[in-house]
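Undergrad: need a structure here:
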Amino acid sequence: MSCQDAQGLMNGYIDGELELTGSLEIERHMRDCQVCTQAYQSHRALRSAIADRSFYYDAPANLQKRTTAAVRKANNGRPRRKVLLWRWAVAAAAVAVIAIVTWGVFSILQRSSTDDLLAQEIVSGHVRSLMANHLTDVPSSDQHTVKPWFGGKLDFSPPVIDLTESGFSLIGGRLDYIGNRPAAALVYQHRQHVINLFVWQSTDTSNSGSKVMIRQGYNLIRWKKSGLDNWAISDLNSGELQEFAQEAQRSS
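TA: Next up, the predicted model:
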């Protein structure tokens, strides 16, 4: 079972609507897949958030009586139809508030799930480049050699930065694929540690600061700048990788 299949069946699994074999397949998949396990936890968290009474406002017991009396007084004692309309309006407003809150919670969890999927792909790309002995397509420490190599291979021009003076040596670049899109992988080295900096064009043109995370023992840092999504990954300690990210952002 693929991640796409598992997450497509996740609601049915949580609701207990799947057959036994389908449930067992999802559970077997989640034992080996951290991303889908986190998606499952996100779905459960969303349900708990919706059920949380703190999202609801219980009006005082005498509010309905006071509201009805005020409406009747304003309508000369013949308000029944308008009172019913008023009640429907109050109910509709309550539903709208719940929908807005639910949408907000779901949006946050959805973004988190998307980030987790991307992080998993970043880790896979990094490990694959180390294991397959295919770290670079264009091995070079010259940024003016690496940057032109990407011409015609991508629909954007990745910023290739020389950070040698900061202790991070450029050793080349390669073409990779993240989230079913082509991405530039710029490769740096700090002592014996390899840093992969994945860059692709983002649909979100806003800039964002660094977000640090850990996946499968690797440190990752994500930031957005000038319409580009940047993910740095390495087995470097978090402090040194953050230093790399700061230098890359400052120089790009």
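Undergrad: Which helix or strand in this protein has the lowest average pLDDT?
TA: Lowest by mean pLDDT, DSSP states H and E among the helices and strands of the chain is helix 80-131, with a mean of 66.
Undergrad: following that one, which helix or strand comes up?
TA: strand 138-139 (DSSP states H and E).
Undergrad: Report the mean per-residue pLDDT for that following strand.
TA: Mean pLDDT, computed over strand 138-139, is 95.
Undergrad: do the same with stretch 197-210
TA: Stretch 197-210 shows a mean pLDDT of 86.
Undergrad: now swap in stretch 13-26 and tell me
TA: Averaged over stretch 13-26, pLDDT sits at 80.
Undergrad: ok, now stretch 228-247?
TA: If you average the pLDDT over stretch 228-247, you get 94.
Undergrad: I'd like the distance from stretch 165-177 to the chain centre, please.
TA: In terms of C-alpha atoms, centre = their mean, to the nearest Å, the gap separating the centre of stretch 165-177 from the centre of its chain is 25 Å.
Undergrad: All the helices of the stretch 151-252 of the chain, residue numbers only.
TA: Along the stretch 151-252 of the chain, the segments classed as helices by DSSP state H, counting those that start in this stretch run 238-251.
Undergrad: in it, which spans are strands?
TA: Counting by DSSP state E, counting those that start in this stretch, the stretch 151-252 of the chain has strands at residues 169-178, 181-190, 193-201, 208-215, 218-225, 228-234.
Undergrad: Would you format those strands as CSV with mean neighbour count and distance to Ala119 included?
TA: In this view, the C-beta of every residue, glycine as well, is placed from N, C-alpha and C. CSV is the format used below for the strands of the stretch 151-252 of the chain (neighbours: other C-beta atoms under 10 Å; distance: least, C-beta to C-beta, whole Å):
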stretch, mean neighbour count, distance to Ala119
strand 169-178, 19, 10
strand 181-190, 21, 14
strand 193-201, 22, 11
strand 208-215, 14, 5
strand 218-225, 20, 6
strand 228-234, 24, 8
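Undergrad: any idea how far Ile214 is from Ile233?
TA: 10 Å (C-beta to C-beta, to the nearest Å).
Undergrad: got it, and Trp200?
TA: For Trp200, the distance to Ile233 - C-beta to C-beta - is 14 Å.
Undergrad: what do you get for Ala248?
TA: Distance, Ala248 to Ile233, by C-beta to C-beta: 13 Å.
Undergrad: What of Phe156?
TA: 20 Å.
Undergrad: Then Thr37?
TA: In this view, Thr37 and Ile233 are 21 Å apart by C-beta to C-beta.
Undergrad: Skip the chain neighbours and tell me the closest residue to Gly125.
TA: Asp176 (5.3 Å; C-beta to C-beta, 6 or more residues apart in numbering).
Undergrad: ok, that neighbour - contacts?
TA: 125, 129, 182-185, 198 (C-beta atoms under 8 Å, 6 or more residues apart in numbering).
Undergrad: so which two of the residues you listed are the farthest from each other?
TA: Ser129 and Pro182 (15.1 Å; C-beta to C-beta).
Undergrad: list the buried ones in stretch 141-149?
TA: Neighbour-count burial for stretch 141-149 flags 143, 146-147, 149 (criterion: 16 or more other C-beta atoms under 10 Å).
Undergrad: Make a markdown table out of these and add secondary structure, distance to Gly16 and pLDDT.
TA: Formatted as a markdown table, the buried residues of stretch 141-149 follow (DSSP: H, G, I helix; E, B strand; the rest coil; distance: C-beta to C-beta, whole Å; pLDDT from 0 to 100):
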| residue | secondary structure | distance to Gly16 | pLDDT |
| --- | --- | --- | --- |
| Gln143 | helix | 56 | 95 |
| Val146 | helix | 53 | 96 |
| Lys147 | helix | 54 | 96 |
| Trp149 | helix | 53 | 96 |
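Undergrad: need those residues in a markdown table with distance to Gln4, can you?
TA: Shown next, in a markdown table, are the buried residues of stretch 141-149 (distance: C-beta to C-beta, whole Å):
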| residue | distance to Gln4 |
| --- | --- |
| Gln143 | 38 |
| Val146 | 34 |
| Lys147 | 35 |
| Trp149 | 33 |
